[in-house]
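*Asks:* I would like to see how this sequence folds:
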Amino acid sequence: MGDPEDKAGREMFAWAKPRGLLDDPKKHQVFGFNNPDPPMNKEGGPEPNKPYGYEFWITVDEDFAAESDMNIKTVDGGMYAVITCRVESPAEIGRAWGSLIQWIQKSEKYTFHPNWKGLKSHYKNNHVEHGITGLENHLSLLAPPPKGKPWQCSERLIMDIYAPVIEKS
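*Replies:* Next up is the predicted model:
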C-alpha cells in the first residue's frame with residue numbers, strides 16, 4: 001500500500017548513489033516498471049487502495065560485481081515503440097502509456113510483441129526475454145525528498161516509455 005514508486009526509489013537512491021551509479025545517466029540508465037501490477041478496475045484504471053509494487057533496474061558494466069542484496073539480469077535487445085513523458089503528476093504516466101498503446105494498436109507497420117505481458121518482470125535465471133516487459137526509462141531522476149515530505153520540485157521527471165513491438169507480417 002502507499003506509493004511503491006517512492007519506496008522503491010528511496011531504496012534505489014540509497015543503494016546506487018554511493019556507488020556512483022547515478023552520476024552519469026547515459027552510462028547507467030535507470031528503468032522501472034510495476035511488479036506486481038496494480039489490480040485494474042473495469043474502466044481499465046488501477047484500483048484505488050490496492051497493493052502493487054515497483055521495480056528499478058540500473059544498467060551496469062559487464063564486470064560489475066553483484067552484491068548480496070541485488071541481482072544482475074541480462075535483458076535481450078529488441079525493438080520498442082517509445083514515447084517521452086514529462087511528468088508533473090502520476091496521471092500523466094498513465095496517459096502516456098495509453099497514447100503509446102493506442103499508437104501501436106493503430107499502427108499499420110507494428111504490433112505488440114507476442115510475449116508482452118505489460119509492465120511485469122518475468123525472468124528465469126536472471127535472464128529477461130525481449131518482449132516480456134514494458135519499461136519506463138527515467139531520464140531525469142529527481143532526488144527523493146526527506147522521508148515524510150511530499151515531492152516538491154520545480155523540475156519535471158522526464159521518462160521514455162518503452163513497449164516491445166514487432167513488425168507486422
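
*Asks:* For stretch 16-33, buried residues please.
*Replies:* Across stretch 16-33, burial judged by 16 or more other CB atoms under 10 Å covers 16, 21-22, 25, 28-33. Using the backbone N, CA and C atoms, a C-beta is placed for each residue, glycine as well.

*Asks:* Closest one of those to residue 117?
*Replies:* Distance to residue 117 across the buried residues of stretch 16-33 (CB to CB) is lowest for residue 33, with 10.5 Å.

*Asks:* and the closest one, what helix or strand is that in?
*Replies:* Here residue 33, judged by DSSP states H and E, is contained in strand 30-34.

*Asks:* Only alpha carbons, please: show that strand as CSV.
*Replies:* What follows is strand 30-34, C-alpha atoms only, in CSV (Å, rounded to 0.1, in the frame of the first residue of the first chain):
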residue,chain,number,x,y,z
VAL,A,30,17.6,3.7,-14.8
PHE,A,31,14.5,1.7,-15.8
GLY,A,32,11.4,0.9,-13.8
PHE,A,33,8.1,-0.9,-14.0
ASN,A,34,5.3,-2.2,-11.9
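
*Asks:* Quick check: what element follows that strand along the chain?
*Replies:* Downstream of strand 30-34, the first helix or strand assigned by DSSP H and E is strand 54-58.

*Asks:* Touching that next one from outside, list them.
*Replies:* 4-5, 7-9, 12, 16, 21, 28-35, 73, 75, 121, 135 (CB atoms under 8 Å, 6 or more residues apart in numbering).

*Asks:* Partner strands of the next helix or strand after it, with direction?
*Replies:* Sequence-wise, the next helix or strand downstream of strand 54-58 (DSSP H and E) is strand 74-75. According to DSSP bridges, strand 74-75 forms sheet pairs with strand 127-128 (parallel).

*Asks:* Need the mean per-residue confidence for the strand it pairs with.
*Replies:* Here strand 127-128 scores 74 as its mean pLDDT.

*Asks:* Tell me how far it lies from the chain's centre.
*Replies:* Counting by CA atoms, centre = their mean, to the nearest Å, strand 127-128 is centred 15 Å from the centre of its parent chain.
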